[in-house]
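Novice: predicted model and sequence below, questions to follow.
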Amino acid sequence: MYKEKKVLCIIPARGGSKSIKDKNIITLGNKPLIAYAVSAARKSKLLDEVIVSTDSLKIKNVALKYKVKVPFLRPKKYATNKSPTIESLKHGLLEMEKINKTKYDYVLCLQVTNPFVKAQNIDNLIKLIIEQKGDSATSVTKVEDFNPTKLKIIKNNKLEDYLIKEKQGTRRQDFTDLYKRNGSLYLSQRELIIKNKIFGKKIIPLVMSEYTQIDINTKFDLRLAEYLMKSYK
């Protein structure tokens with residue numbers, strides 16, 4: 001809890017991954033992928049409750065080994081490959097409020113596929129949204145050496161500007177700093193989740209280091225994460 005605000009952390013981990021079989025529990029380093037998210041959440045000082053939301057008994061059994069709560073199995077209708085994340089968050093929120101007979105102020109979505117997120121990142125995001133009075137917050141990473149003016153289309157075999165006209169002679173140093181959501185942390189007020197929304201009107205950013213944007217969805221992503229883990233520990 002931070003400044004009397006209750007935060008529920010939901011780690012979504014459905015079964016049936018198509019890109020990598022059993023992706024959420026595939027081995028990375030010496031433990032299953034889901035263990036990294038669970039470890040970060042359990043080390044947080046500001047989370048009031050941490051749960052895994054899954055439709056899979058296999059994932060549930062793996063998660064339980066790392067001392068995290070899996071208080072229910074998510075209904076299959078909220079666990080298809082077309083199910084939006086908000087459905088699992090809203091379901092998890094309402095179920096936990098019934099179980100614990102309480103209301104949470106915020107819901108944190110911690111993605112399993114970003115294994116380099118730390119407890120400090122979680123706590124920093126919680127502090128930011130409360131101190132800056134945002135209705136939602138998310139983790140971002142600075143985009144290096146890229147600007148929308150570099151986006152082009154090929155039309156009639158010619159290269160043309162796509163979004164913004166590129167000014168001749170613009171140097172890399174002249175570009176405005178850009179940031180992208182790295183997909184690891186989403187924090188929302190309860191009212192937004194109830195309304196089937198993750199983002200509100202005032203979104204607070206937490207800038208995180210470049211390697212935290214590793215998002216494991218392909219075998220290449222997994223190999224890259226393994227390399228980074230061995231190289232930088």
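Specialist: That came in fine, so what should we check first?
Novice: what's around S188, how many residues?
Specialist: A count of nearby residues for S188, using other C-beta atoms under 10 Å, gives 27. Heads up, the C-betas are built off the backbone N, CA and C, glycines and all.
Novice: ok, now which ones touch K3?
Specialist: Neighbour list for K3: I130 [criterion: C-beta atoms under 8 Å, 6 or more residues apart in numbering].
Novice: and A119, by the same measure?
Specialist: A40, A41, R42, K43, S44, K45.
Novice: neighbours of F72, how many?
Specialist: 17.
Novice: isn't it up against S88?
Specialist: No: using C-beta atoms under 8 Å, F72 is not in contact with S88; the gap is 11.2 Å.
Novice: what sits in contact with each of the two?
Specialist: S53.
Novice: residue boundaries of the strands in the protein?
Specialist: 7-12, 27-28, 31-32, 49-53, 106-110, 136-143, 152-155, 158-161, 178-189, 203-208 (DSSP state E).
Novice: neighbouring contacts of the fourth one?
Specialist: Applying C-beta under 8 Å, 6+ apart, the set of residues contacting strand 49-53 from outside is 6-13, 34, 38, 41-42, 44, 59-60, 63, 68-72, 74, 88-89, 91-92, 96, 100, 104.
Novice: and those, which of them are buried?
Specialist: 6-13, 34, 38, 41, 44, 59-60, 63, 68, 70, 72, 74, 88-89, 91-92, 96, 104 (16 or more other C-beta atoms under 10 Å).
Novice: looking at these, which are in helices?
Specialist: I34, V38, A41, I59, K60, A63, S88, L89, H91, G92, M96 (DSSP state H).
Novice: farthest pair in those residues?
Specialist: V38 and H91 (19.5 Å; C-beta to C-beta).
Novice: quick one, what contacts the residue positioned nearest the centre of the chain?
Specialist: The C-alpha lying nearest the average C-alpha coordinate of the chain belongs to S184 (C-alpha atoms, centre = their mean; 2.5 Å). Residues near S184 by C-beta under 8 Å, 6+ apart: L110, Q111, N114, V117, N121, S139, M208, T212, Q213, D215.
Novice: next one: the first one from L187, what distance?
Specialist: Read it as L110. Note on L110: its distance to L187, by C-beta to C-beta, to the nearest Å, is 10 Å.
Novice: higher neighbour count, these two?
Specialist: Using other C-beta under 10 Å, the more surrounded residue of L110 and L187 is L187, with 28 against 25.
Novice: report the beta-bridge partner residues of the more buried one.
Specialist: Beta-bridge partners recorded for L187 (DSSP bridges): L108, A137.
Novice: tell me how far it lies from L151.
Specialist: Counting by C-beta to C-beta - L187 and L151 are separated by 30 Å.
Novice: if we can go back for a sec, now, which of the ones in helices among the buried ones among the contacts of strand 49-53 sits nearest Q168?
Specialist: Checking those against Q168 by C-beta to C-beta gives L89 as the nearest, at 46.5 Å.
Novice: and the gap between the closest one and C109?
Specialist: L89 is 6 Å from C109, where distance means C-beta to C-beta.
Novice: try K67
Specialist: Counting by C-beta to C-beta, the gap from K67 to C109 is 20 Å.
Novice: give me the more crowded residue out of these two.
Specialist: C109 (24 against 10).
Novice: stretch 78-89: end-to-end distance?
Specialist: 10 Å (C-alpha to C-alpha, to the nearest Å).
Novice: report the rounded mean pLDDT for it.
Specialist: The average pLDDT within stretch 78-89 is 90.
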